[in-house]
Structure formats: C-alpha cells, structure tokens
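**Student:** Predicted model, plus sequence, below.
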Amino acid sequence: MKMIKKLATAAAAVLLSGALTSQALAEFPDDTITIVVPWPAGGAYDLSARLMAENPPENLPVSMIVTNVTGAAGSNGVRHVAKSDPDGYTIGMMGTHAIAQSYMNRNATPLEDIEPLVFIGPEPASLAVANDTGIENVKQYLDQLKKQPGSIINGNDSPGGFSYIAATMLENHFNVKLSKVPYQGYAPTASALVSGEVMSTTLPIPLLAEQHKAGKVKIIGVAAEKRHPFAPDVPTFKEQGFDFIAEDFYMLYLPKGVPEDRRAKLEEGFYKLLSDEKFQKKAAELGLVIMPRDAAGTRAYLEQRNQEVKQILEDANLIEK
C-alpha cells in the first residue's frame, strides 16, 4: 500500500513538473494583448490602435483588444501601462501629451518609467484660417503678424496640449506674436474657427479636412515633410519657402522590465506591420500618416521631442517644480 502511494506521488510530481515545464516553454504570446489608448474612442490614437488590433503582426498570432483609459490629459492611460505587469501583454499608445504632462503634472508618469517600442508616425499641425481673414498662404499670415503683432487670434488647446505647443513653436521659429485663446479640446477649437470666433488654428489636419473641402475654412500650410492625404491640395511650409515642422506623434511603448526576448518580438512584429504597404494604405484612408521607426529610432525621436517641449514649457513657466 505504501509502495502504491509512493508511486502515485512520484507520478503526480512528474505530471506537475511537466506542466510547469510546458508552461515555462510556452511560446510568447499565448494570450490576448491589450493596447491602451489614453483618449476616448474615435480619435486618431484610437483609430490607429484599432487598425493594428484588427491586423495583428504575423509573429504575434493572438487576439488584440483596445482599451481606452482616459482622463488627466492622457496621464491616466500612461500610468495604467507603466504600472501594469511587465509581461509584454500590455502595450501603450502615447504622444506629445505624455512629454508635457511629465513636466506639468507631478502625478504624471516620468518618461524614464516607460520603454519606447515602435514609432508609428507623425500627426502634423496645420495652419488654418477663417475665410474672412482674406489670408491665402503662409507668407501673408506671417507678414500680417510681423506688421501687427498679436493681430491674429489663434484657437488652440490649453497650455501643454499639442496645438498650443505648435502655436508656440510657430511664434518662436518666426519671431512673431499670436493672441492665443485656449479651448478644452480639438473639437471646440475647430468649431471656433468655422464660426469665426477665432482667426486661425494649429490643429491636426483630420479635424478640419472636411470643412476645408467644403470651403468653410482654409488650410494654408502643413507643418510636415510631406503633404497630408486628407488635404493633398495644401502645400507644406517647406514648399512655400519656410523650413518649419510641428508635429504630434504616435508611438507604442511598454512598462519597464519586459523581458528582452519578448520586447524584441513585439518590436519586430509591429515594425514589420507598420512598414507593410497594404497596412499603410488602410491607414491613409483613415487620415493616418505611418512612418515607422524601430526602438532605437523611437528613443532618439522621443528625446529630441522631449527637449523641444521642455524648452517651450520652461519659457511659458509651466513646469511643475
């Protein structure tokens, strides 16, 4: 009887050992991957995340879901990812907001607490004007500001938001002065331009593309290297003789501590997906510009943007001590 019990115990131990070994050797990923978006559903961040989730990388053949963790100007979503288990199953989306909030909000996640994964692409600012301004191009816009500083009322979001940063970059780059009026978000800013409440905006193009096509407002310049697919008739600043780029961006990141082999597999898969021409075509139909970078390139880009945004916030006395 004792011998039977010993054999049973030994058999159970072998089975348990085998199960543990099998679990340890399980191929990553073997469970659902969650992409966390720090803004409500429907925006550009959300659209790009859902497009990736619907077309998962070939080397990551599992279900992917998108979770919107909103609030605190994007800080809640970043914090959610930074504090999640570093197992590779939670990935975050971020942009300029994460940089700005890391300086403006003492409760926000420091950039050193996250791990850049893959750069998705830029979301360039556009310079748009109300029809009754009579301004037709960037030169006329800048000429008016140089002759009459502060004469153009520009709608943008609150200090630290991307359209505020873009407007400030324009002021600094061209040594001009706008009368900046803050709004709580992109939608009310766009409405203010259409109604004539403000004279110009520095919003991403998808927010005003339809109004531009309908002739309700006029987008006069794109602050990017290339024209935007939603407004192919609008020349860039560079095409008009002005070397100026102001862009928000999308990138994927991980919490600190994800094992290197898993991090590398995620980087490889998403970089290959974002480089695929078919995927980029689908993205362009949504108004998304895809210009992928690997993890090293993403880190370099983030550091450059970090220095630019930090300087703007310092000049505006917006950094939390």
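**Tutor:** In hand now; what should we look at?
**Student:** Where does pLDDT dip in the stretch 1-150 of the chain?
**Tutor:** Counting by pLDDT under 70, the ranges of the stretch 1-150 of the chain that qualify are 1-26.
**Student:** mind listing the strands in it by residue range?
**Tutor:** Ranges of strands in the stretch 1-150 of the chain, per DSSP state E, counting those that start in this stretch, are 33-37, 64-68, 90-94, 114-124, 126-130.
**Student:** what residues does the second one touch?
**Tutor:** Spelled out, it's strand 64-68. Residues outside strand 64-68 that contact it (Cβ atoms under 8 Å, 6 or more residues apart in numbering) are 32-41, 46, 49-50, 52-53, 56, 77. For every residue, glycine as well, the C-beta is placed using N, CA and C.
**Student:** can we see that at 10 Å?
**Tutor:** 29, 32-43, 45-57, 77, 80-81, 89-91, 93 (Cβ atoms under 10 Å, 6 or more residues apart in numbering).
**Student:** closest to K218 out of the strands of the stretch 1-150 of the chain?
**Tutor:** strand 126-130 (5.5 Å; Cβ to Cβ).
**Student:** And the closest one, what does it pack against?
**Tutor:** Applying 3 or more Cβ pairs under 10 Å, 6 or more residues apart in numbering; DSSP states H and E, one finds that strand 126-130 contacts helix 138-147, strand 153-157, helix 162-174, helix 186-195, strand 200-201, helix 209-213, strand 217-222.
**Student:** pLDDT on the shortest one, on average?
**Tutor:** Averaging the model's pLDDT scores along strand 200-201 yields 98.
**Student:** so what strands line up beside that strand?
**Tutor:** strand 126-130 (antiparallel), strand 153-157 (parallel) (DSSP bridges).
**Student:** need the strands for the stretch 201-321 of the chain, in chain order.
**Tutor:** Ranges of strands within the stretch 201-321 of the chain are 217-222, 247-255, based on DSSP E, counting those that start in this stretch.
**Student:** Need these in a markdown table (columns: mean neighbour count and mean pLDDT).
**Tutor:** As requested, these are exported to a markdown table (neighbours: other Cβ atoms under 10 Å; pLDDT from 0 to 100):
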| stretch | mean neighbour count | mean pLDDT |
| --- | --- | --- |
| strand 217-222 | 24 | 98 |
| strand 247-255 | 23 | 95 |
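**Student:** Out of these, which is closest to I99?
**Tutor:** The nearest among the strands of the stretch 201-321 of the chain, by Cβ to Cβ, is strand 247-255 at 9.8 Å.
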